[in-house]
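Can you look at this prediction? I've put the sequence above it.
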Amino acid sequence: MGEEMGDAMDEKLLTVDDFEEAARHLLPRATYSYIRAGADEERALRANREAFSAYELWYRVLVDVASPSTATTVLGRHVSLPILISPAGYQRLAHADGEIATARGAARAATIFTLSTVSTVSLEDVAAASDGAKWFQLYVYKDRGLTQWLVERAERAGYEALVLTVDLPVVGRRLADERHGFHLPPGMTIANLEGRAAMPEDFEGSLLTAYFSAHLDPSVTWKDVAWLRSITHLPVILKGIVRPDDASRAVDEGVEAIVVSNHGGRQLDTAPASIHALAEVAEAVDGRCELLMDGGICCGNDVLTALALGARAVMVGRAVLWGLAVGGEEGVIAVLDLLAGELRRAMVLAGCPDVASASRDLVRRRSS
Ligand SMILES: Cc1cc2nc3c(=O)[nH]c(=O)nc-3n(C[C@H](O)[C@H](O)[C@H](O)COP(=O)(O)O)c2cc1C
């Protein structure tokens with residue numbers, strides 16, 4: 001454990017919630033709120049987490065679980081654990097090393113890091129700083145030339161897949177950001193687009209909302225998914241699907257994977273909880289493409305529940321950001337180690353020696 005984690009580790013950070021609490025003390029209020037918040041009344045944010053209580057793990061006994069393995073593959077890439085990193089913007093707000101620390105932490109844990117379009121370190125600098133497996137999350141700009149330029153740069157820099165976020169035609173209303181006047185401090189930029197997509201100068205409320213409405217395209221449709229596939233050789237993953245019919249359409253369009261997600265409750269506030277959506281989407285997709293999910297994952301039991309409901313792997317957003325805030329790269333590793341340990345224990349107690357044995361019958365709805 002690095003020295004940076006010293007004080008925080010004295011507090012014995014045993015759960016993801018402990019990391020959140022430590023981060024809350026360390027971060028400026030506006031930054032903590034930006035990371036924590038959901039949209040509007042935060043119903044979807046709460047639902048994401050609470051919905052896991054609707055499921056029980058119907059554990060098996062007398063299975064040899066002496067050497068549990070969390071290893072698996074995602075789109076053919078070996079990962080040591082079925083927990084990948086969700087894209088999250090502006091990570092230098094959480095820690096000076098920002099996206100570099102998160103990418104390095106993910107690489108050390110032998111899992112996949114996803115870089116947001118709106119990162120505070122450029123995609124080239126992240127690639128130079130970490131040789132681990134990386135995906136690039138894409139927003140579609142009104143200027144398709146700019147969008148294509150991002151795709152080409154991600155390809156050149158060695159990113160292994162494009163994660164097209166499809167649940168953000170406009171930014172959901174995040175009251176905390178409006179109240180605090182979300183902005184980037186001097187010296188911090190949307191590094192991938194420096195000099196290309198200008199920051200609005202006159203805006204009220206949140207810079208994030210003003211920037212996205214100036215530059216992102218709310219008219220994106222399935223045609224643009226086909227366009228994206230036509231300009232890249234990278235696998236395309238759609239992130240933000242919650243409906244079985246949208247998922248089936250995505251499979252028909254030839255996407256390689258889907259992230260079942262409601263954007264961590266930050267977009268449509270009355271969206272279904274991700275874990276409920278996963279159960280329905282998995283049934284419709286029926287193995288025709290790989291499924292990932294994110295939203296509300298805060299412990300190993302949640303991960304095992306998602307695997308049993310049909311996810312190839314889960315992704316985590318805030319959990320890792322709390323680790324980043326508390327200890328940079330060491331904090332990211334600490335959170336991933338924590339989740340991996342919890343997942344191993346859940347697997348052992350549930351009679352699952354490996355992730356493949358997390359079959360659909362391992363999970364069922366609670367009757368009460
Ligand atoms: C601070 C923050 C920033 C985010 N930025 C992005 C982003 O730039 N692109 C994106 O597709 N999703 C973004 N998301 C959504 C995450 O990728 C992910 O869907 C969500 O955080 C998962 O829920 P969880 O935080 O409960 O794990 C962001 C989420 C948070 C908390």
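That came through fine. Numbering: from 1, shown residues only.

hey, let's count contacts and neighbours off CA atoms from now on
Will do.

Using CSV, write down the CA coordinates of stretch 70-80.
Extracted in CSV, the C-alpha atoms of stretch 70-80 (Å, rounded to 0.1, in the frame of the first residue of the first chain):
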residue,chain,number,x,y,z
THR,A,70,-12.4,-15.0,-10.8
ALA,A,71,-10.6,-15.1,-14.2
THR,A,72,-12.7,-14.8,-17.4
THR,A,73,-12.5,-13.2,-20.8
VAL,A,74,-14.4,-10.2,-22.2
LEU,A,75,-14.5,-9.9,-26.0
GLY,A,76,-11.7,-12.4,-26.1
ARG,A,77,-9.4,-10.5,-23.7
HIS,A,78,-8.3,-12.3,-20.6
VAL,A,79,-9.2,-10.4,-17.3
SER,A,80,-8.3,-11.5,-13.8
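
How about that stretch, which residues are buried there?
For stretch 70-80, burial by neighbour count (16 or more other Cα atoms under 10 Å) applies to Thr70, Ala71, Thr72, Val74, Val79, Ser80.

Chain neighbours aside, what residue packs nearest to the fourth one?
So the one you mean is Val74. Leaving aside its chain neighbours, Val74 sits nearest to Arg312 (6.9 Å; criterion: Cα to Cα, 6 or more residues apart in numbering).

Touching, the one you found and Cys289? I think so.
No. Using Cα atoms under 8 Å, Arg312 is not in contact with Cys289, being 9.7 Å away.

quick one, which of those two is more surrounded?
Using other Cα atoms under 10 Å as the criterion, Arg312 and Cys289 rank with Arg312 on top: 23 against 20.

helix/strand/coil for Val259?
strand (DSSP: H, G, I helix; E, B strand; the rest coil).

burial measure for it, as a count.
Neighbour count of Val259, defined by other Cα under 10 Å: 28.

that older thread, just the ones of the buried residues of stretch 70-80 in strands?
In this view, these that belong to strands under DSSP state E are Thr72, Val74, Val79.

Near the ligand, which residues of the stretch 51-200 of the chain are found?
Ser86, Pro87, Ala88, Gly89, Ser116, Val118, Thr165 (Cα under 6 Å from any ligand atom).

of all these, which comes closest to Gly158?
Ser116 (15.0 Å; Cα to Cα).

hang on, isn't the closest one packed against Val126?
No. Counting by Cα under 8 Å, Ser116 does not reach Val126; the two are 11.1 Å apart.

In terms of neighbours, single out the busier of these two.
Set Ser116 next to Val126 and count neighbours by other Cα under 10 Å: Ser116 wins out with 26 against 22.

Output the ones in strands among the buried residues of stretch 70-80 as a markdown table; include the columns distance to Ile258.
Putting those into a markdown table (distance: Cα to Cα, whole Å) gives the following:
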| residue | distance to Ile258 |
| --- | --- |
| Thr72 | 17 |
| Val74 | 12 |
| Val79 | 18 |
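
quick one: which of those is nearest to the ligand?
Taking Cα to the nearest ligand atom as the measure, the ligand sits nearest to Val74 out of those, at 17.2 Å.

measure that closest one to Met315 for me?
The gap separating Val74 from Met315 is 12 Å, by Cα to Cα, to the nearest Å.

Then Val79?
In this view, Val79 and Met315 are 13 Å apart by Cα to Cα.

same question, Val326
Taking Cα to Cα, one finds Val326 at 20 Å from Met315.

Which one's more surrounded, the two?
Val326 (30 against 26).

was I right about that one contacting Arg24?
No. When contacts are counted by Cα under 8 Å, Val326 is not listed as touching Arg24 (9.1 Å).

Please, where are all the strands along the protein?
55-57, 72-74, 77-79, 83-85, 113-115, 134-138, 162-165, 236-241, 257-260, 290-294, 313-316, 363-365.

I'd like the average pLDDT over the fourth one.
Right, the one you point to is strand 83-85. Throughout strand 83-85, pLDDT has a mean value of 98.

Now do that strand: which elements does it pack against?
strand 113-115, strand 313-316 (3 or more Cα pairs under 8 Å, 6 or more residues apart in numbering; DSSP states H and E).

can these go into TSV with extra columns for distance to Ala96?
Shown next, in TSV, are the helices and strands packed on strand 83-85 (distance: least, Cα to Cα, whole Å):
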stretch	distance to Ala96
strand 113-115	16
strand 313-316	20
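
Pick the most buried one from these.
The highest mean neighbour count among the helices and strands packed on strand 83-85, using mean count of other Cα atoms under 10 Å, belongs to strand 113-115: a mean of 28.

packing partners for that one?
strand 83-85, helix 98-108, strand 134-138.

List the contacts of the shortest one.
It stands for strand 83-85. For strand 83-85, contacts defined as Cα atoms under 8 Å, 6 or more residues apart in numbering pick out 106, 111-114, 303, 313-317, 320, 336.

where's Ile297 relative to Ile100, distance?
23 Å.

how about the residue minimising distance to the centre of the chain, what does it touch?
The centroid of the chain falls nearest to Ser86 when counting by Cα atoms, centre = their mean (1.8 Å). Residues near Ser86 by Cα under 8 Å, 6+ apart: Phe113, Thr114, Asp294, Met315, Val316, Gly317.

Could you report the pLDDT at the residue nearest to Val74?
98.

Now it, what are its backbone angles?
With angles defined as degrees, to the nearest 10, Arg312 sits at phi -70, psi -40.
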